[in-house]
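In: A predicted structure for the sequence below; I have some questions about it.
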Amino acid sequence: MMNNKPEKLLEANDIVMKFGGLKALNRVTLHVNEDEVLGLIGPNGSGKTTFFNVTTGIYRLTEGDILFANRSIVGKKPQEIAHMGIIRTFQTSRLWFDLSVLDNLLLGMYMRPKGSFFSRLFQFEKNRKEIKNHAIEALEILSVFNKELADNPYRIARELALVDRRRIEICRALLAKPKLLLLDEPSAGMDPSETSELMEDIKKLRAKKEKLGIIIIEHDMTVISSIADRVAVLNFGEKIAQGSFEEIRKNKLVREAYLGRE
Amino acid sequence: MNKKKSFMLAIVFELVIFFSIILFMKVESILFSIIIILIFTAVIILILRRAETINKIKTIYEIHNKEMLWFLLILILVLPFFFKSNIYIIHIITLALIYSIAALGLNFQTGSTGMVNFAQGALMGIGAYASALLVVNIGMNFWIGLAAGIIIAGFFGFILGIPTLKTKEYHLSLVTIAFAYVSYFLILNMQWTGGPDGIAGIPKPSIFGFSLAKSLTVLGFTIPGQIFYFYLVAIILIIAIIFAWRIHNSWLGLTWNAIRDDEIASRCYGIYLTPYKLLAFILGSMYAGAAGVLYAHFVGFISPDLLAFSGSLLLLSMVILGGMDNILGVLIGAILLIIIPEKFRAFHDFRLMFYGLILLLMLLFRPQGLFPKRARNYNLNKGVE
């Protein structure tokens, strides 16, 4: 099947993910374009996070194909997929909790330095300069997000509040310079004002960086309506609808999935 | 606090510690040793209770870190001259430094990468045997033995690393225990390793034709040969520390920490686990190999007991006592765990119990070790923080 439309960044064709007898994803077809925000919604257990795990190579797809920039990513390891430019955040944020804020951000830039494995070891001064430059850049970007966090870069990640953890996680993801960013419930566990702050942050960053595709999983519909260009709905592992937020809101199947049949 | 005053304070602090260690080593009676240990523990507990005191000490040393390192180096160099009449103490200190090297290597795996390795003692033994066999049986010199010991131990570290890749946590530790026992029994049962009799008559190295075993008389002073070996070990330890410190502050150290904290997150940021884990094993084992070679040529006799499980346990206790992923902590852990048991040689039979007790107490009351790991400081703008 040829598909030469360049604007499609990620394309999932008829993907199936089985766990034993359970089909967590059943013939789902999805795509996200370059520079587009796709909202992925659905009730609990509908397969949203599974879709992320499949896309980032943590699970291996049972059937179907996922193309990223027209190259199949099925069977690739998470590391390879990260190097291709897909970076994700996690539902329960997964920072390196024993490391400082700055170390977390630096590791986000892990894929950037060129040079062989051993040159990194023995060219110590060069290495140190490089790390220092990266650290300065990281803190600049973090201060766009949140000044206070950038002022205390040596705090250990474990000591941070939930909102700050997510900020660091998103900032870290952006420092990896992804082509596609997968956000898994960035607002989970936040109160409305924190959520809106976070959304402002994401919008700010989108404005700064051109050509970034985003898939965002969210339960908070205000978030989806404010930043998603397009919405896809999953229910019991199947895609039941897609379109603009307004279209989705009126969709009968979606209402049934969330509220039950009348 | 002005600069001069803090500098003096740092020097005084270092001197006080230095001379109390010397005092401790000089004291012969067990009762006095116990009293000194108790006073030490009380002071340490008092300091640890007060966060501000720790911070003060920390900032003083951060300001003068270069000068303090040089000062420490001088102290180490003059140290043996305090014990010229008592060679036994120099012997113990040298042993402590040798074990420090192996503990630093173990810290790569256990402290930095989070892989609890119970085979470091065995790898140390492999290094020791490699050099001893080459030097005693084939007549190579010490330096070739040292290089061979490091390389061969590194190779076996690689061999050990491969099966651990598929395992995690307890399972990984089990693999390393199995490795330690296999190497122990192989060396015990093979003919060409000397079997249970071990290898005796391993010579001391010589530098420019000058054997480190002999004492030297300069201007009427007699310097015992042990002091020269002490210096040799000290130099190799310093090289080992510099390398460990560089690794800690490079991408490599940071990446190891990332793998320790969260493997999945690491993979999702493009970190290939295999090369880094193997490198932790290889580098750590090379340290063990160096320590083993130094041990063999120091004691002059090795037997399969060097590879016994208790050796690995001792090294692990050093890392846990001192502080995971903290170079200074590991060094202090190693030195304490060699020197204190030697002081109480009369109770030698209870040695293992003592290690067990220390491990238990540490895990209960201070699982992060005496010197817990700290966040890396990149000195982005000096003066602030």
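Out: Arrived safely.
In: Might you report the residue contacts of the spatially most central residue of chain B?
Out: Nearest residue to the geometric centre of chain B (CA atoms, centre = their mean): residue B:100, 1.5 Å. The contact partners of residue B:100, by CB atoms under 8 Å, 6 or more residues apart in numbering or on different chains, come to B:237, B:240, B:318, B:330, B:331, B:334, B:335. Glycine gets a C-beta too; all of them are placed from N, C-alpha and C.
In: what's the neighbour count on the first one?
Out: What it means is residue B:237. Here the count is done by other CB atoms under 10 Å in any protein chain shown, and residue B:237 has 22 residues near it.
In: For the nearest residue to it once chain neighbours are set aside, list the residues it contacts.
Out: In space, and not counting its chain neighbours, residue B:237 is closest to residue B:97: 5.0 Å by CB to CB, 6 or more residues apart in numbering or on different chains. Neighbouring residues of residue B:97 by CB under 8 Å, 6+ apart: B:230, B:233, B:234, B:237, B:335.
In: What is the nearest of the contacts of residue B:100 to residue A:205?
Out: residue B:330 (41.0 Å; CB to CB).
In: Can you spell out the domain ranges of chain A, please?
Out: A:1-85+A:178-261, A:94-175 (the TED database).
In: So which of those domains is nearest residue B:20?
Out: That would be domain A:94-175 among the domains of chain A, by CB to CB, at 32.0 Å.
In: returning to what we had before: which one of the domains of chain A lies closest to residue B:251?
Out: domain A:94-175 (5.1 Å).
In: pLDDT value on residue 133, please?
Out: Answering for chain A, as no chain was given. With respect to pLDDT, residue A:133 scores 81.
In: meant chain B actually
Out: Here the pLDDT value assigned to residue B:133 is 88.
In: and it, how many residues sit next to it?
Out: The local packing of residue B:133 (other CB under 10 Å) involves 22 other residues.
In: Helix, strand or coil: sort out it for me.
Out: For residue B:133, the assignment made with DSSP: H, G, I helix; E, B strand; the rest coil gives helix.
In: where's residue B:227 relative to chain A, distance?
Out: Distance, residue B:227 to chain A, using CB to the nearest CB, to the nearest Å: 32 Å.
In: in a strand, that's where that residue is, yeah?
Out: No. Secondary structure of residue B:227 (three-state DSSP): helix, not part of a strand.
In: Who are the contact partners of the closest residue to it other than its chain neighbours?
Out: Counting by CB to CB, 6+ apart, residue B:227 lies nearest to residue B:80, which is 4.4 Å off, once chain neighbours are set aside. Neighbour list for residue B:80: B:90, B:93, B:226, B:227, B:230, B:231 [criterion: CB under 8 Å, 6+ apart].
In: I'd like to know which of those residues are buried.
Out: Among the contacts of residue B:80, those classed as buried by 16 or more other CB atoms under 10 Å in any protein chain shown are B:90, B:93, B:226, B:227, B:230.
In: CSV for those residues, including distance to residue A:220?
Out: Output for the buried ones among the contacts of residue B:80, formatted as CSV (distance: CB to CB, whole Å):
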residue, distance to residue A:220
B:90, 69
B:93, 64
B:226, 72
B:227, 71
B:230, 67
